[in-house]
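Peer 1: With the sequence up front, the predicted model follows.
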Amino acid sequence: MIVDKFGFLPNDWPLSFDDFEICPVEQFDEIRNFFKDNANVDGYYYPPNVFTARTTHPDKEEQIVPNSKKPALLYQLPASHYIKTKKNLDLQSLRLGEFGFSINLIGYYFGYRLQFVEWWVDGRVHATSQHGIVHDHIEVENFLHHSLRQFRKFEIGVQKRFINLLFLINRAPAYNWDWERFIIEYIIFDGCWKIFEDQYRIKGVHHKDRMSRMLAFFKMHREPKYEDLIISLRNDLFHEGLWDKTQPCSARTSDSYYAGFFLRDLNQRLIPALLKYPTQYTKSPWTSRCVHGFS
């Protein structure tokens, strides 16, 4: 039995799928309270402050260097869950493979950013779910079971890209500015396209036609106004440094502000579609900002 730990997930459901098991750690309630008590009122957990200290001798007290305090670039969060398997693989291979896929997929489903114990996070971490779906115990186990089996069919390169996509989806809410979130979400969309292109042997599709091609293929909801807007915003931002025809970090229209959120909702629907998971969620409107079922 190989056992690893990850966090932080506030849900305490035990999960069983394929030959994996997920269960909360013994101190789960204490850790959940720690996270709740230390989260900001805006719904995010922020990096702790760090400082530089110096001493002239090991036996002398350290002195804080003036003006050296700042938010930590990297920090760790407490682990909330065990992940277990009977597979005979070394831990590092599992973390970069099936463990990594599983915990990031769990993070995607529940809407949280998760990381292995002793691994580091950067920036702020959302303390509330960032995925607008109804969570169901049986459904999530079915989804994890199906998805892990599909993951094993992918080539190694596709497996790595899929784990990266899930990591980025779970990390994207850390960004403050609308144009920053949009950039990351478009990177995720591009990654989805690459996996789609490889899976279905589709080549030679112009960039501006990729969104409509994928939506049509998966019979997903169409929003021509926002499809065109997203492509236009992407071209101006990537090639000219323009955000909504003006400077990033300045005033913008409501359409451009919500474009990143809509693109995120679209990306979240592409994940089960690319995993070939049978759910009507993929066909639900990605501009509604409502909570949807996942079945």
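Peer 2: Cool, got the structure. Remember, it's a predicted structure, so these values are computed and weren't measured experimentally. Residues are numbered from 1 along each chain as shown.
Peer 1: which residue is nearest the centroid of this structure?
Peer 2: residue 170 (1.5 Å; Cα atoms, centre = their mean).
Peer 1: where does this structure have low pLDDT?
Peer 2: For the chain, no stretch is flagged by pLDDT under 70.
Peer 1: okay, now the domains of it?
Peer 2: 1-174, 177-295 (automatic domain parsing).
Peer 1: How far does the shortest one stretch from one end to the other?
Peer 2: Using Cα to Cα, to the nearest Å, one end of domain 177-295 lies 33 Å from the other.
Peer 1: now stretch 63-71
Peer 2: So stretch 63-71: terminal residues 19 Å apart, Cα to Cα.
Peer 1: need the strands for this structure, in chain order.
Peer 2: With strands called from DSSP state E, the chain shows them at 2-7, 15-17, 20-24, 44-45, 49-50, 53-54, 63-64, 70-71, 74-75, 81-85, 115-116, 121-122, 125-126.
Peer 1: Tell me which residues are up against stretch 208-224.
Peer 2: Under the criterion Cβ atoms under 8 Å, 6 or more residues apart in numbering, residues 189, 192-193, 196, 200, 202, 205, 227, 230-231, 262, 266, 269-270, 273, 282-287 lie in contact with stretch 208-224. Just so you know, the C-beta spots here come from the backbone N, C-alpha and C atoms, and that holds for glycine as well.
Peer 1: Restricted to helices, list these.
Peer 2: Under the assignment DSSP state H, the contacts of stretch 208-224 contribute 189, 192-193, 196, 200, 227, 230-231, 262, 266, 269-270, 273 to helices.
Peer 1: Quick check on these: which are buried?
Peer 2: The neighbour-count test (16 or more other Cβ atoms under 10 Å) marks 189, 192, 193, 196, 227, 230, 231, 262, 266, 269, 270, 273 as buried among the ones in helices among the contacts of stretch 208-224.
Peer 1: Does the fourth one touch residue 274 like I think?
Peer 2: It refers to residue 196. Yes - counting by Cβ atoms under 8 Å, residue 196 does reach residue 274; the two are 6.3 Å apart.
Peer 1: Not including adjacent chain positions, what is the nearest residue to residue 186?
Peer 2: Closest residue to residue 186 apart from its sequence neighbours, by Cβ to Cβ, 6 or more residues apart in numbering: residue 234 at 5.2 Å.
Peer 1: count of residues packed around the one you found?
Peer 2: Residue 234: 21 surrounding residues under other Cβ atoms under 10 Å.
Peer 1: hang on, isn't it packed against residue 184?
Peer 2: No - here residue 234 does not reach residue 184: they are 12.0 Å apart, not a contact under Cβ under 8 Å.
Peer 1: hey, where'd the helices end up in the stretch 1-150 of the chain?
Peer 2: Taking DSSP state H, counting those that start in this stretch as the criterion, the stretch 1-150 of the chain carries its helices at 28-38, 91-95, 98-110, 137-153.
Peer 1: Tell me who's in contact with residue 279.
Peer 2: Contacts for residue 279 were tallied using Cβ under 8 Å, 6+ apart; they are 143, 272, 294, 295.
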